[in-house]
Structures are given as C-alpha cells and as structure tokens.
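Novice: Sharing a sequence plus its predicted fold:
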Amino acid sequence: MESIWDIITRCFELQFGNIDPSLLLRQLVYDEKSPLIFSSGLFLFMFAVFMVIYTLLRNKSLPRTLFVVAFSYYFYYKSSGFYFFLIAIVTCSDYIIGELLSTCRRKTSRKLLVALSLAIDLGLLAYFKYTNFLGQLFSDLTGAPWHDLKIFLPVGISFFTFQSMSYVIDIYRRKIEPVDNLLDYAFYVSFFPQLVAGPIVRASDFLPQFYKPVRVTRAMLGVGFWYILTGLFKKAIISDYISINFVERVFKTPIQFSGIENLLGAYGYGLQIYCDFSGYSDMAIGLALLMGFRFGINFNNPYKAVSVTDFWRRWHISLSTWLRDYLYISLGGNRKGRLRQYLNIFITMFLGGLWHGASLNFVFWGVLHGLALIVHKMWMGVCRGCEWVESRLWNFLMTIVTFHFVIFAWMIFRNADVTWNGLFHNGDWGNLGIMLSQITSSMHIEFLGQVLIGYWQVMVLIVVGYVLHFIPDRVSEQCKRAFVKMPVPFYAIALIIMIVIIMQVKTSDIQPFIYFQF
C-alpha cells in the first residue's frame, strides 16, 4: 500500500515531471530576484507546514517561541539574504537599553540612553537608506562629484526599526515595562507576519497577547481566512494585473499615451498602491489571527475620506499614529500655539515623506500632504460651527476633491525621475511633467471608447476594485460575518479556489509588494 507521501510524490511527478531535487533545494535559499512574499505559492506551502508545527507547540512556551523566532529570521533571510543580522543588532541593542532604562532613575542618564537607541536605529536606517540620496543631494548643491555606493536596501528596515524605537520610547515614558528576556523581545521584533511591511505593532498591544496562552477561537479562524483571502484578491488579482498590463506602461512612457490614458493610469495607480499595501496588511492580520494574535486594522477605506486629515486617519494607520505619537507630539503637537502646530505638522509630514524613500518625489509628496493638512486646519478654524460643513452634499463634494488631491499626490509619489538639478535649474519635471501635460493639453476624450475596449480586462478590475472600496461598511461587515459562519472546510476550499483564480489571471511572476522598498 502506498503511503500518503508516495501518492503526493507520484501526483507531483505526473503534473511536473521528474524534477531535479537541487532545484527544489534552491527554492529554500535566498534569491535576490525572487524574495519570499505572502502571495507566493512557496510561502503558502511553508506557512501550512509552519502552522502544523506551531499548533503542536502551542502549549509549550519556550519551544514555540524558539520556533517562531527561527522561522521569522528565516523568512527575513528569504526576503533580504544575510542582512537578517540587522534585526539581531536592533533587537539586542534596544533590549539592553530597555533593561537599563527600567532601572535608571536619573533623568539625564535616561535621555542619553534613549538618544543612544535612536542613534543606533536611525544610524542603520540612514546608512542603508539615505547615504546615496544625501550624497547626491550634497553634490547637486555644491557641485562636488559623487558616485553612488553599492548599498543594498534591506527589506522592511523602516518598519522594524520604528517598531523597536517605539518600545524604548514607551519604556522611557513609563508606559510599559521591559520584556522578561531577550528571546521574548526577539519574538516581538521579528514576528514575521508584520516584519517586512507592517503594520507597525506597538509593544503595549503585542506583548500582553504574547504572555497569554495561545488560543485561536472559531471566530478568529474565520476572520483570519477572510483577511487572507481579501488580501490575496487585492494584491495578486487586482494590483498585480492592472499594474503589469496598464499602469506600469503608462508611468514608464507617458508620452506614448493620450491624456485620457494618463488620467486612467493615475486612477489605476491609486487603486494599485491601495490594493497592494492594504492587501499585504490584510494578509498580515489574517496570518497573525491564525496564530492567536490580534492586530489593529491598517487601512479603513481611505478613499472615502472627506478631507486630507480624514485620509491620514484611514491610510497606513499604524504609521500615521506612530508619527503622531512619537514625532508630532514630541515636537510639541498643538500645545505651543497655532503657528508652532503648523510647523510641527509640516515637519512631521516632511519626515513621513522621507521615511517612504530616499528620493525627492517622496519628499515633495510628504510636503504636499503637510501643506494640505495645514490648509485644512485653517479651513476648519474658519468654518467652525457652520452647519453646512456637516451636510451630506458637502461631504460628498469634499470626498471627490480629497480623492483627486490624493491621486495627484500619488502621481508625484510614483515618478521617481525628478532630480534637484532638473526641477530647480532646468524646470524638468520628468515623467510627472509629461503626464500633467498630456492630461491638460492632449486629453483626446474621443479615444475613451478605444481605450476601454483595448484594455477591457484592466478597466473591469479597476471598476470592481473601486466599487468594492466604496460599498457601505455595513455591507462588507455583513459579508465578513456570513463568511465566518461557514463550516471550517469551506475556508480551505475558498483558499484553493482563490489560488486557482490567481494562477489563471496572472500574466507574469508575482510582483513584490510596493512597500518592500520602504
């Protein structure tokens, strides 16, 4: 009688033929061209094996912790190669500093310890992410020669450094107590669902769950699968397809497309980046739920926002609240007068833009959002008490205005070919200038029918994506509750169906997540 393994092997050989075992082995080694991501078949297989072992160890605290930390480090190795040692540096340094802070009573010494933590974390971030940017900027301003250094940008370095920094700052502010030991802290920093692209999880939210027994309820299982399925749909079906088959083409050579195509490309990118990043966050939340951990939502229908302020309450919530609590408030927040508040908003968004990447387009994107937030603050001060500001018509109009402002800002965000010399010396806005020129002077609305027919699959997915985004919250909640009530085998069947659909619609290899570069 054949064993289960023999049957699986025979089926595999019938499907794929005789495969060299060395090819399978190479799948387990880091490949710069194919980092491990949630929506890949390899990860889904590895996670299934992981969950079997994790379930067996759920009541054995130390073996479970060791296993998850080891898997998390391996996961990061598959994403960034041997740069996983950076996580170890950040983990060890901030754990030691946190322990010293818990016993230190002198205010000056405590400040020095926090400064040391920031120097280590931000120093690593600055070297790997901003060395070439700052060198090139200095060269543009002074005329001194600069040649970019070959520095590899480790995946997710901005996320795990910010997460570890918040731990030290919260101990300094006496909001939390240090973890029991270094291994527990390594579990928190390296926890793989949110390691490389967030959400940025606070120690005050995560550690209390870590010290409780692992318990996955029937509801957590259903909600976890729901988030994984919606995340896969957003990322692997909508985002990847419209990106490869339309959006990337427009942004790469906008001069070859009419104004209407450039405008549709901009709308498409707005949906692409939302589905890409929120899809990752959804999968991270779902994977964590299957392991017994609850994360807060990271996106709350951001394009429904009625103002830029409302947008930042809905978009990348873990980052926007991090910037608010650890940067904006530290600068003084709104406690030192109106003008100082505006300056603090501007600085926060400037640095928030720079956090996204070492390029002027990210800086301009952050500055633009900062100025918009300041204008909205001023506007609300003028209109305070006006009843019409709360009317449905006004909110509808402001939703449209806010959406188009955000789309315009995404165009700046996406076009990384703007340089200091080009913009300020030659007036060259790169592809951004070409896109704006095409939209304002070469719209050719008469081509709309041809575009819709020629890219009908893309346009259908764009419409579906935006319709699903704008449906009422109560409808999406009803769908989620109905899914959770289904029998457990239905979850696995739904996941298999989703994987089959992804394999049918994909036109190339699965694309890395956009926020991996941040």
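Specialist: That came through fine.

Novice: remind me which residues of the stretch 401-518 of the chain are low pLDDT?
Specialist: Applying pLDDT under 70 to the stretch 401-518 of the chain flags residues 417-428, 507-518.

Novice: try it again with 90
Specialist: 414-434, 437, 440-452, 454, 488-489, 492, 495-518 (pLDDT under 90).

Novice: can you pull out the helices in it?
Specialist: 420-424, 430-441, 448-454, 456-470, 473-484, 488-505 (DSSP state H, counting those that start in this stretch).

Novice: can I get these in a markdown table with mean neighbour count and distance to Val90?
Specialist: For glycine as for every other residue, the C-beta is placed from the backbone atoms N, C-alpha and C. A markdown table is the format used below for these (neighbours: other C-beta atoms under 10 Å; distance: least, C-beta to C-beta, whole Å):
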| stretch | mean neighbour count | distance to Val90 |
| --- | --- | --- |
| helix 420-424 | 14 | 31 |
| helix 430-441 | 18 | 35 |
| helix 448-454 | 13 | 48 |
| helix 456-470 | 16 | 35 |
| helix 473-484 | 12 | 36 |
| helix 488-505 | 13 | 34 |
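
Novice: among those, which is nearest Val250?
Specialist: Val250 lies closest, by C-beta to C-beta, to one member of the helices of the stretch 401-518 of the chain: helix 430-441, at 7.9 Å.

Novice: can you list the residues that contact the closest one?
Specialist: Residues outside helix 430-441 that contact it (C-beta atoms under 8 Å, 6 or more residues apart in numbering): 250-252, 254-255, 257-259, 262-263, 265-266, 361, 411-412, 415, 417-419, 422, 429.

Novice: go again using 10 Å as the cut-off
Specialist: 250-263, 265-266, 361, 364, 408, 411-419, 422-423, 427, 429, 444 (C-beta atoms under 10 Å, 6 or more residues apart in numbering).

Novice: tell me how far it is from the chain's mean position?
Specialist: 28 Å (C-alpha atoms, centre = their mean, to the nearest Å).

Novice: How about stretch 491-506?
Specialist: That offset, for stretch 491-506, works out to 23 Å (C-alpha atoms, centre = their mean).

Novice: What of stretch 358-371?
Specialist: The answer for stretch 358-371 is 17 Å, by C-alpha atoms, centre = their mean.

Novice: Would you mark the buried spots in that stretch?
Specialist: 358-370 (16 or more other C-beta atoms under 10 Å).

Novice: Closest one to Val49 out of the residues you listed, please.
Specialist: Ala358 (37.1 Å).

Novice: Which residue is the nearest non-sequential neighbour of that closest one?
Specialist: Distances taken as C-beta to C-beta, 6 or more residues apart in numbering put Phe133 closest to Ala358, at 3.3 Å, once the chain neighbours are dropped.

Novice: For that neighbour, give me the pLDDT.
Specialist: Turning to Phe133, the model gives it a pLDDT of 82.

Novice: and the chain, what are its domains?
Specialist: The chain breaks down by automatic domain parsing into domains covering 28-210, 216-299+429-518, 304-416.

Novice: Please tell me how far Ala482 sits from Pro63.
Specialist: 38 Å (C-beta to C-beta, to the nearest Å).

Novice: Check which helices and strands the helix or strand containing Ser80 sits against.
Specialist: For Ser80, the element it lies in under DSSP states H and E is helix 61-80. Applying 3 or more C-beta pairs under 10 Å, 6 or more residues apart in numbering; DSSP states H and E, one finds that helix 61-80 makes contact with helix 41-56, helix 85-103, helix 182-190, helix 203-210.

Novice: burial measure for His445, as a count.
Specialist: Let me fix one detail, which is that residue 445 is Ile and not His. A count of nearby residues for Ile445, using other C-beta atoms under 10 Å, gives 10.

Novice: List the contacts of the residue nearest to Pro63 when sequence neighbours are not counted.
Specialist: Distance criterion C-beta to C-beta, 6+ apart; nearest residue to Pro63, sequence neighbours excluded, is Leu57 at 5.0 Å. Remark: with contacts taken as C-beta under 10 Å, 6+ apart, Leu57 is in contact with 63-68, 214.

Novice: could you redo the last one with a cut-off of 6 Å?
Specialist: Leu57 is in contact with 63-64, 67, counting by C-beta atoms under 6 Å, 6 or more residues apart in numbering.

Novice: Then Ile151?
Specialist: Ile151 touches 128, 131, counting by C-beta under 6 Å, 6+ apart.

Novice: follow-up on the earlier one: pretty sure the residue nearest to Ala358 sits against Gly357.
Specialist: No. Counting by C-beta atoms under 6 Å, Phe133 does not reach Gly357; the two are 8.5 Å apart.

Novice: From the chain's centroid, how far away is the helix holding Ser80?
Specialist: 21 Å.

Novice: average pLDDT for that helix?
Specialist: Averaging pLDDT along helix 61-80 yields 91.

Novice: In this structure, where's the longest helix?
Specialist: Secondary structure assigned by DSSP state H gives helix 107-142 as the longest helix of the chain.

Novice: Which other helices and strands does it contact?
Specialist: Using 3 or more C-beta pairs under 6 Å, 6 or more residues apart in numbering; DSSP states H and E as the contact test, the elements touching helix 107-142 are helix 85-103, helix 157-172.

Novice: which residues are contacting the longest one?
Specialist: For helix 85-103, the surrounding residues in contact (C-beta under 6 Å, 6+ apart) are 110, 113, 117, 120, 154, 160, 164, 168, 171-172, 178, 182, 185-186, 189-190.
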